[in-house]
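> need a structure here:
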Amino acid sequence: MKSGKPRKQRLFRYTAPAHIRKGFVHSRISKELSKKLNIKKRNAQVKKGDTVKVMSGSNKGKSGKVNKVETKSGMLFIEGITRRNAKGKELLIPIRTSNVYITDLELNDKLRKLKLGIKE
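Next up, the predicted model:
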C-alpha cells in the first residue's frame, strides 16, 4: 500500500484478501518470552492456544488463552474475558490484536517455529 490517506488505508483493510488479512492479526511478543526462546522478531501472528495479556481498554491487565481468532475482523477472543448479555448468557468479548501482547506461544506447529527462528 503506497498511500497514507486514511480513507484509502481503511478501504485496503476492509477489502483485503484472506492471505493479506492474516498479516493483520499480529501482536507483540513479550521481552521475557523473546529472551527465553531466543526470538529475534518483535511480533508474531496470534493463534488459538497462545497466552496473551490485554494492554488497553476496560480489561487492561487481564490475561488468558486465546479461544478464537477472527482474521476477517482482526479480533480475538480470550478465555475468561466475558460479559453477560440481556438474557444472562456469558459471551466472550472481542479484542483487537493491537491491544494485546503475547506472553506464551503455542509451539506445536513446526512451520511456526521455523518462521520465528526457534531451534530445537
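
> which residues are contacting stretch 61-70?
Applying CB atoms under 8 Å, 6 or more residues apart in numbering, the external contacts of stretch 61-70 come out as 25, 46-54, 75-81, 92, 94, 97, 103. (Each C-beta comes from the backbone N, C-alpha and C, glycine too.)

> repeat that with 6 Å
25, 46, 48, 50-54, 76-81 (CB atoms under 6 Å, 6 or more residues apart in numbering).

> next one: the longest strand that the chain contains to chain centre, how far?
Assignment by DSSP state E gives strand 75-84 as the longest strand of the chain. When distances are taken as CA atoms, centre = their mean, to the nearest Å, strand 75-84 is centred 13 Å away from the chain's centroid.

> circling back: filter the contacts of stretch 61-70 down to the buried ones and hand me the PyMOL line.
The PyMOL command for the buried members of the contacts of stretch 61-70 (criterion: 16 or more other CB atoms under 10 Å) is given here:
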select buried, resi 25+46+50+51+52+53+54+76+77+78+81
